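Trainee: Below: sequence and its predicted model.
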Amino acid sequence: MKSRYSSIRSLTAFILVILMVFGFGYKLFDIQIVNNEYYAAQNNNVRVYKVPIEAARGDIVDRNGNTLVSNRQGNSIILDAAYFPPRKENLKRNEIILNLIKLFEANEEEYVINLPLLLQNGSIVFSDDEEEIAKMKSEDVFNLQNYATPQNCFDTMVEMYELEAYDTATALKIGAVRYELTTQLFSIENPVTIAENVKNETVAAIKEDKEHYLGADVMPVSYREYADSTLAPHILGTVRKINGDEYKKLKDSGYGINDIIGESGIEAAMESELRGVHGEITVTIDGDGNVTEEITKKPIKGNTVMLTINRDLQRIAQDRLKEVCDKTHETDGAGAVVVQTINNGEILAAASYPTFDIQDYYDNYEKLAKNKRNPMWSRFALGSYAPGSTFKPMMACAALEEGVIDENTIFTCKGIWQYYDVEFHCEKYKRHGNENVRHALQDSCNIFFFNCADKLGITKMNEYSRMFGLGEKTGVEINESAGILASPATAEKYGRVWQMGDAIQAGIGQSDNLFTPLQLANYCATVANGGTRFESHFVKAIINSSNNSSDETGITVVEELPISNNTFSIVQEGMRMVAKDGPIHSIFDTIDTPVACKTGTSQVIKDGKKINNGFLITYAPYKNPEIAVASAIEYAGSGSSTADITASIIDYYYSNNADIPPSQEAGTILD
C-alpha cells in the first residue's frame, strides 16, 4: 500500500511540472509575440526588414495635356518601430507620445484620433462611428463584448497601455495614438503615420531632438494637388486611406495598410494606372541593436491618365450651368450638362450643379456631406430624370421604321385625345391641327406621339429605346445610373399596377421612364451621326511614367442601329426645325453655328406644387455634326430655359478653337 505522503509528493511534482510548462509557454509567447521587436534587436543574429517607400500617384490631365491633378511634396510624422521603445516599455512609449502631442498642439497640427471614445461633461461616451466602435471592441483590439460600455472600453485601454498616471483627457489623447499603433499593425515593416502634412517647424523640432521624440521620424509624402479644385470634381473624384476590408483584399497585390486608394471618380476607376510601384528600404539591425537603412528599390510614380474633357470647355459648362440654375431657383436650383463628341463617344465636358470644391471634401467633409442640396451627387451620371419630349426623336425613328407612320402621315391635334375613357392633352391644350412627323417634332405635339405610342406598344418602344442606349449604362469609367424604362415589369417592381394609359404616357417620355443626362447626350449623338452608338468615355489615353509612351484607350462601337438613313434624315430635319423656327430660335440665332435640337419638360411635385423640369438635346453643326449637348435643369419650367447653356457651349467651342490638339506628342508634354 502506497504512503499518502508519497502521493502528495507526486502530486506536488506534477503541479510543479505543469507550472514550469506554463511558465516557459508564457515566456515564449512574450518573446515571439508581445515583445518581438525588442528581442529581435537583442538577438545576436542580424535581422533584416523591408519597409515600403510610398510611390507618388500619377497625374490626371485634360485632352490637351493641361494638368488637372498632380502631386505636391509634404511631410508626415511616423513612428518607426526600429527606434521606438518595444511594447514591454509602455511607460516610455506613453512619455514619447505625450511629447509629440504637446508639440503638435503647440504648432496647431492635427494628429490621429480614430479612437471612438470622447470625454463629454466629465463622462466617457462613444463617438457616432459605429464601425470604429465595433473594431475597438473586437478580439484584435480590446477584446470586449458587444455590450461593453464606453467606460469599460476606456478602463481596458488604460490598463492595456498603462495610462493610470494620466488624467482622463490626457489618457484619451495618448490612447488615441496607441490605438492607432494597434489597429494599424505597428511593426518595423509597417511604420504608422500619426500626423500628416505638418509644418516646417514641426519637422525641424523632431529632427533636432531625436531623444525627446525617440522613434518619431519625418516621412516625405506626396499629396494630391489640383490646378483648380473646383473644376470637374465629380469626374476627377477623391482619394482616401485604404480601409481594413480593402487592405485584406488587396494586400497580396502590394497594398500596405497605410496606403492611399482612389475613392470615387477617375481616381477610383483608374486606380490600377494611377497607383505607382512602391520602393523599398532595407532596415538591418545587428546583434548590438545598431540600425542601418538603405534604399534598395526606388519607387516608380503612377502613370498619367489623359482625359477626354477639355479644361476650358468644362469651365464654361460649369459657369453657365450655375448661372442658369441660380436664376431658375434661388435656393434649390440644380441641373447638369454633358458635351459629347458625335463620332467617338468622348465626353468633352460634364457638369453638375450644385457642385463642390475638392479641397472642401478633405477639409470640411462633414459639413459638405450634410448639405441638403447634395453637392457631391453627380447629377449628370447618377441623376435619373423623366426625359419629357426629348424622347420624341426616338419615338419618331421607331414609328417610321416599324411602318406605323411615314413622313406624310397626318394626325390631327385638337388639344385633347380620347383614349378609351381617359383624356390625354397636348401641352397647354394647344391645338396644332394637322401634323406630320417633322412638324410634330417642331411643335412637340403630344397628340401625334400618343398615336405613335398606341400603334407601337410598350414592347416595341422599349426595343428601340435600348438601341439608343436609353435605360442602359453608357459605359463611362465612373459610377453611373442605368436609368429606367417604363414597362409592366418596372411598375410591378415599384409596387404599382401598370395601366392601359402608361404606354401612351411613356410615348412622350413620361410614365416610369428615367434617364441620365449622359444617356441623353449619347442618344442625341447617335441620332446625329445616323445610327452608330458609341460607348461614352472619359479616358482618352494612358501615358506611361517610365518612358512617356502614350497608349490610346480606343473607340468602342456598341451598336450599329438597323435604322435607315431616310428615317434619320426625316428626324434630323424635324430637330432642325425646332432650332430654326421653334420657341428657342431667338437664342440659337445669336450664334453662328447652325444646330438641331429637341426640348423637353417633365412634371414633378415640389412643396406640394406641380412644376416642370426642363431638358434640351442638341447637336452641332446641323450638317456634318461634331458635338452633342444634353442639359437638364430642375424646376426650369420648360426645356427652352436650358438653351442659354447650350448656345454658350457651342459658341465657345467653335469661336475659341476649344479642341486644338497639343503642339507636341501626348507622350512628351509631361517631361
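Mentor: Perfect, I can see it now.

Trainee: the helices in the stretch 351-500 of the chain, which residues?
Mentor: 358-363, 365-369, 392-402, 437-443, 446-456, 458-467, 488-493 (DSSP state H, counting those that start in this stretch).

Trainee: Put together a markdown table for those helices, with mean pLDDT on each row.
Mentor: Shown next, in a markdown table, are the helices of the stretch 351-500 of the chain (pLDDT from 0 to 100):
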| stretch | mean pLDDT |
| --- | --- |
| helix 358-363 | 92 |
| helix 365-369 | 91 |
| helix 392-402 | 98 |
| helix 437-443 | 97 |
| helix 446-456 | 97 |
| helix 458-467 | 98 |
| helix 488-493 | 94 |
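
Trainee: could you dump those to CSV with distance to K598 and mean neighbour count?
Mentor: To be clear about C-beta, it is placed using only N, CA and C from the backbone, and glycine gets the same treatment. Putting the helices of the stretch 351-500 of the chain into CSV (distance: least, CB to CB, whole Å; neighbours: other CB atoms under 10 Å) gives the following:
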stretch, distance to K598, mean neighbour count
helix 358-363, 34, 17
helix 365-369, 36, 11
helix 392-402, 6, 24
helix 437-443, 7, 24
helix 446-456, 12, 24
helix 458-467, 15, 19
helix 488-493, 24, 14
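
Trainee: Determine how far stretch 374-383 lies from the middle of the whole chain.
Mentor: Centroid separation for stretch 374-383 versus its chain: 10 Å, with CA atoms, centre = their mean, to the nearest Å.

Trainee: so for it, what's the average pLDDT?
Mentor: Mean per-residue pLDDT for stretch 374-383: 97.

Trainee: Repeat that for stretch 205-214.
Mentor: Stretch 205-214 comes out at a mean pLDDT of 93.

Trainee: residues touching the nearest residue to S378 once chain neighbours are set aside, list them.
Mentor: Leaving aside its sequence neighbours, S378 sits nearest to H234 (CB to CB, 6 or more residues apart in numbering; 4.0 Å). H234 makes contact with 265, 350, 352, 355, 376, 378, 380-381, 478 under the criterion CB atoms under 8 Å, 6 or more residues apart in numbering.

Trainee: about what we covered before: just put the helices of the stretch 351-500 of the chain in a markdown table and tack on distance to A165.
Mentor: Shown next, in a markdown table, are the helices of the stretch 351-500 of the chain (distance: least, CB to CB, whole Å):
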| stretch | distance to A165 |
| --- | --- |
| helix 358-363 | 36 |
| helix 365-369 | 34 |
| helix 392-402 | 75 |
| helix 437-443 | 81 |
| helix 446-456 | 79 |
| helix 458-467 | 70 |
| helix 488-493 | 62 |
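
Trainee: what's near enough to touch the residue nearest the centre of the chain?
Mentor: The centroid of the chain falls nearest to S264 when counting by CA atoms, centre = their mean (2.2 Å). Applying CB under 8 Å, 6+ apart to S264 gives the contacts 237-238, 478-479.

Trainee: same deal with I194?
Mentor: 77-79, 100, 111-112, 177, 180, 216 are the contacts of I194 under CB under 8 Å, 6+ apart.

Trainee: Quickly find the element holding it.
Mentor: Using DSSP states H and E, the element containing I194 is strand 192-195.

Trainee: In terms of secondary structure, what does the helix or strand following that strand contact?
Mentor: Going down the chain from strand 192-195, the next helix or strand is helix 200-208, by DSSP H and E. On a contact count with 3 or more CB pairs under 8 Å, 6 or more residues apart in numbering; DSSP states H and E, helix 200-208 meets strand 67-79, helix 90-106, strand 216-226.

Trainee: closest to Q184 out of these?
Mentor: strand 67-79 (9.7 Å; CB to CB).

Trainee: Report the angle between that closest one and helix 200-208.
Mentor: 40 degrees (axes from the mean of the first three to the mean of the last three CA atoms, to 10 degrees).

Trainee: What residues sit buried inside strand 67-79?
Mentor: Across strand 67-79, burial judged by 16 or more other CB atoms under 10 Å covers 67-71, 75-79.

Trainee: and which of those is nearest to Y420?
Mentor: Nearest member of those to Y420, counting by CB to CB, is L68, at 56.0 Å.

Trainee: ok, and the closest non-adjacent residue to that closest one?
Mentor: Nearest residue to L68, sequence neighbours excluded (CB to CB, 6+ apart): I60, at 4.9 Å.

Trainee: shouldn't the one you found be in contact with N303?
Mentor: No: counting by CB atoms under 8 Å, I60 stays clear of N303, with 10.4 Å between them.
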